[in-house]
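1. structure for the following, please:
(chains A and B)
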Amino acid sequence: MITNLNPHAVEVTLCNQLGYERIAMECSASFAKILGCPADRIEDLKTVVAEAALNAMEHGNKGRANAKVTILMDFKDDTIKVDVIDEGNGIRKFPPKPDIAKIIDNMEPPIGFGLFLIQQLADQVEFNQRTDGGHVVRMAINIGRLG
Amino acid sequence: MLHRNEIKLEQHGSVTMLSIQGDITGFSEPFLNEAYKNADTQGASNILLKTEKDIYINSGGIAVLIQILAQTKQNNQLIGITGISDHFKKIFGMVGITKFAKIYDTVDEALAEMA
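-> Numbering: from 1, shown residues only, chains lettered A, B, ... in the order given. Presented below is the predicted three-dimensional model:
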């Protein structure tokens, strides 16, 4: 479900199904385009929204079919802020930065790319437990910065 | 939901091109693995992965591609990638894929260098 809260805010609620992160991704791209965001930053935004929604579905909601993922997008001061909210308990232990050489030599599993990309592409990232339950990943993309 | 990739194998001289249709995600694993195994069985030494323009590649797809790179390294094969957007060229650089696979702007450029 997509709700246009006001000219500078959009909310998307997704069922917990892999693949549906694309709805949030495309919605974020349309939102950013309307706001005049440069094309390269729109691509960064699409990736961080999709990866945060995927993590919310897989790890936060642990794949539960009846769980929801909510994405809130808000624009202020040249910055798009995105909250991705799931029903889980957050990240207990952050995976290390993926080391592709070790992965290719089967010394490490091929995991942690989503979180790594979020941290690389977003200008700011926070991971917070919500007081009313669930977990939120809060990301900021400055639309004036070159990607 | 439909999650599948059509992958055609084309021989261009010494280069075996895997022409991938569709997005590359975690769901692509069986399709890419099968295509790679077919290419390997046919004795491929130089492999070019060609994607469609403007596809969606997520972290699960990156993991699948890295597993293919691992197999090409084990089998002493040269691998290249073409077709991806500038955004995914940047992403592939960030995660280190470009250390193990050269990215080409066009098929012609890839074939000229890899053959």
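2. strands along chain A, start to end?
-> A:2-6, A:9-15, A:68-76, A:79-86, A:124-129, A:135-142 (DSSP state E).
3. with chain B instead?
-> Taking DSSP E, the strands of chain B run over residues B:6-12, B:15-21, B:46-51, B:78-82, B:102-104.
4. looking at the second one now, give me its mean pLDDT.
-> Per-residue pLDDT values over strand B:15-21 give a mean of 98.
5. touching that strand from outside, list them.
-> Strand B:15-21 is contacted from outside by B:5-11, B:28, B:32, B:35-36, B:39, B:42, B:44, B:46-52, B:107, B:110-111, B:114-115, using C-beta atoms under 8 Å, 6 or more residues apart in numbering or on different chains. For the C-beta atoms, the positions are set from N, CA and C on the backbone; glycine is no exception.
6. same deal with stretch B:104-115?
-> Contact partners of stretch B:104-115, identified using C-beta under 8 Å, 6+ apart, comprise B:12-15, B:17, B:46, B:48, B:50, B:78, B:80-83, B:102.
7. which one (most neighbours) among those?
-> Highest neighbour count within these, by other C-beta atoms under 10 Å in any protein chain shown: B:Leu48, with 28 neighbours.
8. how many neighbours does the residue nearest to A:Asp83 when sequence neighbours are not counted have?
-> Leaving aside its sequence neighbours, A:Asp83 sits nearest to A:Leu72 (C-beta to C-beta, 6 or more residues apart in numbering or on different chains; 4.3 Å). A:Leu72 has 18 neighbouring residues, counting by other C-beta under 10 Å.
9. what pLDDT is listed against residue 70?
-> No chain in the question, so chain A it is. 97.
10. wait, chain B was what I had in mind.
-> 97.
11. no more questions from me, cheers.
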